[in-house]
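**Student:** just to be clear, the model below is a prediction. Sequence and coordinates:
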Amino acid sequence: MHIHILGICGTLMGSIALLAKAQGHTITGSDDGVYPPMSDQLHQEGIALQSPYRRDSIPGAADLVVLGNAGLGRGNPAVEALLSSGTEFCSGAEFLGRFILKDKWVIAVSGTHGKTTTASMITWILECAGLNPGYLIGGIPTNFERSARLTESPFFVIEADEYDTSFFDRQSKFLHYHPRTLVLNNLEFDHADIFADLTAIEDQFHQLIRRVPASGLIISNSQDNNIETLLKRGVWSEQLRFGVISDQDPQPPGGLSMHQPSQLISLAGARLGTLNWGLTGVHNLSNALAALAAARHVGVPPEQGIESLADFTGVKRRMEIVHVSPKAILYDDFAHHPTAIKSTLAGLRQKIGQAPLYAILEPRSHTMRLGIHQDQLAPACVHADRVFWLKPERLAFDLDKAVSPQGHSVFDDPFVLAQAVGQQLGLERSNAHIVIMSNGGIDVLKNALLDQISHA
């Protein structure tokens, strides 16, 4: 079958292209912009790409057109031509449900934060156990070469996103996946461009829970109040809870627990082992518990999973170290929600002690641009010594007013921001840790910073 994919350079749609190619289909694709890293993966597979969208973007020989979401609504020339042509089409999430996930044991990782990292951990644990899982992850795990893989294994790990599916299907993507193992990491208000409030998001998660079979397992964060509220609406499957607790806290009667700071892991009071690894932050300890619980459901003993996580190296753009020099260590991170920003910076602060810590943030996501979390921006950066904000286009609130009273600096130009960072670096007596946080492309800013670091 010849499948043409609209939006092929997006993480999800590009990954779908790789999976469909592995099934033996002929794949072509179009996007408004063809850019790495996804374009590199697609070119390596010999997939022809076309850009920008035009009325003739879709080859006449295409048997099926699979559509992404971003920029693919009515009025897009390729979409209008598709609707007029009568060619069969579906969303990316529907394609996954029909052609990739059917007959698989689906392990889905959902929640506002930690989906990519947790899904990567699960995949790595299963890989180390010799289960050779298929996977689709919204990033590139550094333990693997690409963002998606199709195998003969019955197990498939997928990052389950609550964002809507397409212009013609407004339900959340994850409602197409039908998991047997479901992780509920956490739940907060996000995606203000499509959800009116937290209740609207909870409605979609409730529908997801209703799709898990009675023989399946729902793995949930016992320390998230919104998850607790969600579960009270009904659960029809087996459950396992997880949570990070203090070494001084009493052991919960059931569930999977991580003790802090010892990092001792226990299940229903029985000690399983101690986690020793290179990742930082309590949020990653929570992610690890969810991953161990999911792997246990498919037959991997937690003790074996703990050993595997010692060699887990993370995910690109999740506290990825992109530069090390005597003057500075530069990190690239995808955090774009106040909770994720705060937990990431707290984890790094715990690791580096009193060393200088700079946070450089771009509030670029739809929810951030709307100012939904503007009152939480400055408090989220409490662990940083210096905070620099890069103002994106189409910002719906006064960023200067929101963060300047706390001593944060706001810039319109990435080069001017980089100069300010360089000037501050020149005053430091010790190696500084600089974290760039954005869910957009950062190459211009990163290169400007590298230039300043080299001259500091």
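**Tutor:** Happy to help now that I have it.

**Student:** surely Phe95 and Val65 touch.
**Tutor:** No. Phe95 lies out of contact with Val65 (C-beta atoms under 8 Å); the separation is 10.0 Å. From N, CA and C alone the C-beta is placed, and that goes for glycine too.

**Student:** and Thr123, that's in a helix?
**Tutor:** Yes. Using DSSP: H, G, I helix; E, B strand; the rest coil, the assignment for Thr123 is a helix.

**Student:** I'd say it and Arg146 touch.
**Tutor:** No. Checked against C-beta under 8 Å, the pair Thr123 and Arg146 is beyond contact range at 11.6 Å.

**Student:** the more surrounded of these two?
**Tutor:** Neighbours per residue (other C-beta atoms under 10 Å) separate Thr123 from Arg146, with Thr123 holding more: 29 against 18.

**Student:** if I look at the more buried one, how far off is Gln239?
**Tutor:** The gap separating Thr123 from Gln239 is 23 Å, by C-beta to C-beta, to the nearest Å.

**Student:** and if you look at Ser257?
**Tutor:** Using C-beta to C-beta, Ser257 is found at 15 Å from Gln239.

**Student:** kindly report the same for Val435.
**Tutor:** From Val435 to Gln239 the distance is 36 Å (C-beta to C-beta).

**Student:** neighbour count winner among Ser257 and Gln239?
**Tutor:** Ser257 (23 against 13).

**Student:** what's around the closest residue in space to Phe155 that isn't next to it in sequence, how many residues?
**Tutor:** In this structure, Phe155 finds its nearest non-sequential neighbour in Pro133, 4.3 Å apart by C-beta to C-beta, 6 or more residues apart in numbering. A count of nearby residues for Pro133, using other C-beta under 10 Å, gives 23.

**Student:** so Pro133 sits right up against Val157, yeah?
**Tutor:** Yes. Proximity of Pro133 to Val157 meets the contact threshold set by C-beta under 8 Å, at 5.5 Å.

**Student:** need the overlap of contacts for the two.
**Tutor:** Ile107, Ile122, Thr123, Leu126 (C-beta atoms under 8 Å, 6 or more residues apart in numbering).

**Student:** could you dump those into TSV and include distance to Ile58 and pLDDT?
**Tutor:** Shown next, in TSV, are the shared contacts of Pro133 and Val157 (distance: C-beta to C-beta, whole Å; pLDDT from 0 to 100):
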residue	distance to Ile58	pLDDT
Ile107	34	99
Ile122	36	98
Thr123	33	97
Leu126	37	98
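
**Student:** so, if you compare these, which one comes nearest to Asp247?
**Tutor:** Lowest distance from Asp247 to the shared contacts of Pro133 and Val157 (C-beta to C-beta) belongs to Ile122, with 26.2 Å.

**Student:** for Glu162, see how far away that closest one is.
**Tutor:** 18 Å.

**Student:** repeat that for Pro326.
**Tutor:** Distance check for Pro326 against Glu162: by C-beta to C-beta, it reads 43 Å.

**Student:** please apply the same query to Pro302.
**Tutor:** For Pro302 relative to Glu162 (C-beta to C-beta), the value is 28 Å.

**Student:** now do Met258
**Tutor:** 25 Å.

**Student:** try Leu72
**Tutor:** Leu72 is 19 Å from Glu162, by C-beta to C-beta.

**Student:** same thing with Pro52?
**Tutor:** Counting by C-beta to C-beta, the gap from Pro52 to Glu162 is 29 Å.

**Student:** got it, and Leu345?
**Tutor:** Per C-beta to C-beta, Leu345 is found 25 Å from Glu162.

**Student:** these two: who's more crowded?
**Tutor:** Using other C-beta under 10 Å, the more surrounded residue of Leu345 and Glu162 is Leu345, with 26 against 23.

**Student:** so Ile453 touches Leu425, yeah?
**Tutor:** Yes. At 6.6 Å, Ile453 counts as touching Leu425 under the criterion of C-beta under 8 Å.

**Student:** shared neighbours of the two, anything?
**Tutor:** Lys327, Ala328.

**Student:** pull the contacting residues for Ala396.
**Tutor:** By C-beta under 8 Å, 6+ apart, Ala396 lies in contact with Arg369, Leu370, Gly371.

**Student:** just checking, which of the residues you listed belong to helices?
**Tutor:** Arg369, Leu370 (DSSP state H).

**Student:** return the member of the contacts of Ala396 nearest to Leu184.
**Tutor:** Leu370 (25.4 Å).

**Student:** got the phi and psi for the nearest residue to Asp103 once chain neighbours are set aside?
**Tutor:** Excluding the flanking residues, the one nearest Asp103 by C-beta to C-beta, 6+ apart is Pro154, at 8.0 Å. Backbone torsions of Pro154, given as degrees, to the nearest 10, read phi -70, psi -10.

**Student:** pretty sure Pro154 contacts Val106?
**Tutor:** No. Using C-beta under 8 Å, Pro154 makes no contact with Val106, being 9.9 Å away.

**Student:** what sits against Met13?
**Tutor:** Ile5, Leu6, Gly7, Gly29, Val66, Gly68, Gly92.

**Student:** which two among those residues are spaced furthest apart?
**Tutor:** Gly29 and Gly92 (11.4 Å).

**Student:** what sits in contact with each of these two?
**Tutor:** Contacts common to Gly29 and Gly92, judged by C-beta under 8 Å, 6+ apart, are Ile5, Gly7, Met13.

**Student:** quick check: beta-bridge partners of the first one?
**Tutor:** Same thing as Ile5. Gly29, Val66 (DSSP bridges).

**Student:** now do it, the pLDDT please.
**Tutor:** Here the pLDDT value assigned to Ile5 is 98.

**Student:** neighbours of it, how many?
**Tutor:** 29.

**Student:** direction included, what does the helix or strand where Ala359 lies pair up with?
**Tutor:** Secondary structure assigned from DSSP states H and E places Ala359 in strand 357-361. Strand pairing for strand 357-361, using DSSP bridges, gives strand 386-390 (parallel), strand 432-437 (parallel).

**Student:** just the C-alphas of it, formatted as PDB.
**Tutor:** The C-alpha atoms that make up strand 357-361 are tabulated as PDB, following Å, rounded to 0.1, in the frame of the first residue of the first chain:
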ATOM      1  CA  LEU A 357      22.900  27.700  38.000                       C
ATOM      2  CA  TYR A 358      21.400  29.700  35.100                       C
ATOM      3  CA  ALA A 359      18.000  29.000  33.700                       C
ATOM      4  CA  ILE A 360      17.100  30.200  30.200                       C
ATOM      5  CA  LEU A 361      13.500  29.800  29.300                       C
END
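
**Student:** ends of stretch 83-102, what's the gap?
**Tutor:** 27 Å (C-alpha to C-alpha, to the nearest Å).

**Student:** quick one, strands of the stretch 51-200 of the chain?
**Tutor:** 64-67, 88-91, 105-110, 134-136, 148-149, 155-159, 164-166, 169-172, 181-184 (DSSP state E, counting those that start in this stretch).
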